[in-house]
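Colleague: Fold the following, please.
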Amino acid sequence: MPQHAQSQKRSMTSLSASEMAAGIRRREILPSELVEPHLERIARLNPQLNAFAYVDGEGARRQAKKADEALAKGSEIGALHGVPLSIKSSIDVAGWPCDCGSRLRAGYVAQNDATLVARLRHAGAVLLGNTNTPELLMAYETDNAVRGRTNNPWDLQRTPGGSSGGEAAAIAARCSAGGVGSDGGGSVRVPAHFSGICGLKPTPGRIPATGHFPVSSGPFALLGVVGPMARTVPDLQILFEVMAGLDYGDPSSAPVPLRWPGDAEIEPLRVGFFEEDGVAPVTPETRASVRTAAAALSAAGMNVEKFLPEGLEEARRLWWNLFGRAGGLVLKPLLEGQESQLSPILTEFTGIVRKEPPLTTEELMSTLLERDDLRGRFLRQMGRYPILLCPVCAIPAFRHGEREWTVDGRRVDYLQAMSYSQWFNLLGNPAVTVPVGRSPEGLPIGVQVVGRPFEEEIVLTVARKIEEACANLGEANILP
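Modeller: As a prediction, this is how the structure comes out:
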């Protein structure tokens, strides 16, 4: 292939989703000119990354051809017309295997699109395939006995995180312009942080989780959400606008209209930031990234102050009661008698759960009541600080199989390192990961921007201010 043609294909996959959409609207790019470089890139890089669980190449080409024809006819087009996206394999896409990396769901093929998938299609998106997860989503490392291990594009010896690890790796490697993950304890934000991309955990119900597995009900309805992942904050904004809205299939869904703030509303905001919670130590580069983000917001005119909210360790304990102990009860009927079929990573999770006594009815009721009381107290603190800045995780992307680390001379274990994300699932806050810094090994480090429930638009606008002010991280090491 001539060098010019290779360069053009690389530049096509380097465009952000919003740049692709704008180029198509201006008739400068055809959807078919976007889909082929992405499919070629998947074919070349997926053997190293194992980010995709399923690739629908022919389907993507058919969608792109129809998108080309709509442009030729002058038809009205949607916000994502012709933009190639990927979907986490826990979310139903009609005709695709969506097995969540589990032998227990072998042969499952979705009959209908999840609500958010139907909305993406309506907006004109071209769906490339779905991405790998840990078995049944229960890990911060993406590996399973069906699809195997996913590697981080920045360093193949490290994980892109979990449970939306395949999605993060695909987007970071420019195999997809963006997509959708899900998050019950950091599963969008931690992979975004590990992989140098952006991710939004919305308020429960703001984007309907209808068509997700595990089903959004019981403890998962309180904690679990679906959310966009992309390389830029403007891309998150477009994806959020397309997917948000009422759907009665999600018990948390609410009819909240979109409302984007202007600068006059953003500039006076009071921002509270903390580099560490006092329980889980973080790396020096993580501290520095939070300070960098805080300085960027201060320079943008916001009132930025050090502030450590009360109740974080309590939130972590209650989160584990719901995600770990109650979640284990929800999954028990599916897993019982199937132990030999489980992947090591899910066996590890069930082992952690079994170390504690079963959650009693009294404990569950107490947890739910304590959660509501804590949430009220936490949101009253956010009356003074509507935006919080903090780490996403105590560490950058870890090596495959690692489960504890030494930070500042102190031991940090697997679940403890991720606590910076877990709190906000328990409390129901929207939060965005935005890349800011690098570790000494050259790994990306994100910062978490947290807002009040149903104020995603404010959180995204603040995250965009940070993104605009911070230096470009560059691209992952695997990329030619």
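Colleague: Spit out the contact partners of the residue nearest in space to the middle of the chain.
Modeller: With distances taken as Cα atoms, centre = their mean, the residue of the chain nearest its centroid is Val188 (2.0 Å). Listed by Cβ atoms under 8 Å, 6 or more residues apart in numbering, the contact partners of Val188 are Ser164, Gly181, Ser182, Gly199, Leu200, Lys201, Val225, Gly227, Met229, Thr433. Any C-beta I mention is one placed from the backbone N, CA and C, and that applies to glycine too.
Colleague: who's in contact with the nearest residue to the first one once chain neighbours are set aside?
Modeller: This points to Ser164. Leaving aside its sequence neighbours, Ser164 sits nearest to Gly181 (Cβ to Cβ, 6 or more residues apart in numbering; 2.9 Å). Counting by Cβ under 8 Å, 6+ apart, Gly181 touches 88, 163-164, 167-168, 187-188, 191, 199, 226-229.
Colleague: Beyond the strand or helix carrying Gly181, next helix or strand please.
Modeller: Following DSSP states H and E, one finds Gly181 within strand 178-183. Using DSSP H and E, the helix or strand that follows strand 178-183 towards the C-terminus is helix 189-195.
Colleague: next helix or strand past that following helix?
Modeller: Of the helices and strands lying after helix 189-195 in sequence (DSSP H and E), the nearest is strand 198-201.
Colleague: which other helices and strands contact the next helix or strand after that following strand?
Modeller: Following strand 198-201 in sequence order, the next helix or strand is helix 219-223 (DSSP H and E). With contacts taken as 3 or more Cβ pairs under 8 Å, 6 or more residues apart in numbering; DSSP states H and E, helix 219-223 sits against helix 327-335, helix 419-427.
Colleague: and the longest helix for the protein?
Modeller: helix 361-381 (DSSP state H).
Colleague: contacting residues around that helix?
Modeller: Here helix 361-381 makes contact (Cβ under 8 Å, 6+ apart) with 222, 309-311, 314-315, 318, 321-322, 325-326, 359, 426-428, 452-453.
Colleague: What are the buried residues along it?
Modeller: Neighbour-count burial for helix 361-381 flags Leu364, Thr367, Leu368, Arg371, Leu374, Arg375, Phe378 (criterion: 16 or more other Cβ atoms under 10 Å).
Colleague: coming back round to it: same list (the contacts of Val188) but as JSON lines, adding distance to Leu45 and pLDDT.
Modeller: Formatted as JSON lines, those follow (distance: Cβ to Cβ, whole Å; pLDDT from 0 to 100):
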{"residue": "Ser164", "distance to Leu45": "18", "pLDDT": "98"}
{"residue": "Gly181", "distance to Leu45": "19", "pLDDT": "98"}
{"residue": "Ser182", "distance to Leu45": "24", "pLDDT": "98"}
{"residue": "Gly199", "distance to Leu45": "20", "pLDDT": "98"}
{"residue": "Leu200", "distance to Leu45": "25", "pLDDT": "99"}
{"residue": "Lys201", "distance to Leu45": "27", "pLDDT": "98"}
{"residue": "Val225", "distance to Leu45": "29", "pLDDT": "98"}
{"residue": "Gly227", "distance to Leu45": "24", "pLDDT": "98"}
{"residue": "Met229", "distance to Leu45": "17", "pLDDT": "99"}
{"residue": "Thr433", "distance to Leu45": "23", "pLDDT": "98"}
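Colleague: Save those as JSON lines, and put in distance to Ala125 too.
Modeller: Output for those, formatted as JSON lines (distance: Cβ to Cβ, whole Å):
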{"residue": "Ser164", "distance to Ala125": "18"}
{"residue": "Gly181", "distance to Ala125": "15"}
{"residue": "Ser182", "distance to Ala125": "18"}
{"residue": "Gly199", "distance to Ala125": "18"}
{"residue": "Leu200", "distance to Ala125": "17"}
{"residue": "Lys201", "distance to Ala125": "21"}
{"residue": "Val225", "distance to Ala125": "20"}
{"residue": "Gly227", "distance to Ala125": "16"}
{"residue": "Met229", "distance to Ala125": "14"}
{"residue": "Thr433", "distance to Ala125": "22"}
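Colleague: and the next element down the chain from whichever helix or strand Arg41 is part of?
Modeller: Using DSSP H and E, the element containing Arg41 is helix 31-49. Sequence order places strand 52-55 as the next helix or strand after helix 31-49, per DSSP H and E.
Colleague: Distance from the chain centre to that following strand, please.
Modeller: In this view, strand 52-55 has its centroid 18 Å away from the chain centroid, taken as Cα atoms, centre = their mean, to the nearest Å.
Colleague: So in that sheet, which strands flank that strand, and in what orientation?
Modeller: Partner strands for strand 52-55, per DSSP bridges, with pairing direction: strand 126-131 (antiparallel).
Colleague: Run through the helices of the stretch 1-150 of the chain in chain order.
Modeller: 3-14, 17-25, 31-49, 57-73, 115-122 (DSSP state H, counting those that start in this stretch).
Colleague: Pull the shortest one out as CSV, backbone CA atoms only.
Modeller: What follows is helix 115-122 as a C-alpha-only set of coordinates in CSV (Å, rounded to 0.1, in the frame of the first residue of the first chain):
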residue,chain,number,x,y,z
THR,A,115,-32.4,0.8,24.7
LEU,A,116,-29.1,2.7,24.6
VAL,A,117,-28.0,0.6,21.5
ALA,A,118,-31.3,1.5,19.7
ARG,A,119,-30.6,5.1,20.5
LEU,A,120,-27.1,4.9,19.1
ARG,A,121,-28.4,3.3,15.9
HIS,A,122,-31.1,6.0,15.6
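Colleague: quick one: contacts for Glu267?
Modeller: Taking Cβ under 8 Å, 6+ apart as the criterion, Glu267 is in contact with Ala300, Gly301, Met302.
Colleague: And it, its phi and psi?
Modeller: phi -60, psi -40 (degrees, to the nearest 10).
Colleague: still on that earlier bit, highest neighbour count among the contacts of Val188?
Modeller: Ser164 (37 neighbours; other Cβ atoms under 10 Å).
Colleague: hang on, it packs against Asp183?
Modeller: Yes: applying Cβ atoms under 8 Å as the test, Ser164 and Asp183 come out as touching, 7.2 Å apart.
Colleague: what residues do the two have in common as contacts?
Modeller: With Cβ under 8 Å, 6+ apart, Ser164 and Asp183 have common neighbours Gly199.
Colleague: what's the neighbour count on Arg119?
Modeller: Arg119: 22 neighbours (other Cβ under 10 Å).
Colleague: so where's the protein uncertain?
Modeller: Along the chain, segments meeting pLDDT under 70 span 1-10, 471-472, 478-480.
Colleague: swap the cut-off to 90 and go again
Modeller: 1-11, 218-220, 330, 358, 471-480 (pLDDT under 90).
Colleague: related to what we said a few turns ago, return the most buried member of the helices and strands packed on helix 219-223.
Modeller: Greatest average neighbour count among the helices and strands packed on helix 219-223 goes to helix 419-427 (a mean of 26), per mean count of other Cβ atoms under 10 Å.
Colleague: which residues touch it?
Modeller: Helix 419-427 is contacted by residues 183-186, 189-190, 201, 222-225, 277, 279-280, 282, 312, 315-316, 318-320, 322-323, 371, 374-375, 378-379, 390-394, 415, 431, 448, 450 when judged by Cβ under 8 Å, 6+ apart.
Colleague: Just want the angle from it to helix 361-381.
Modeller: 100 degrees (axes from the mean of the first three to the mean of the last three Cα atoms, to 10 degrees).
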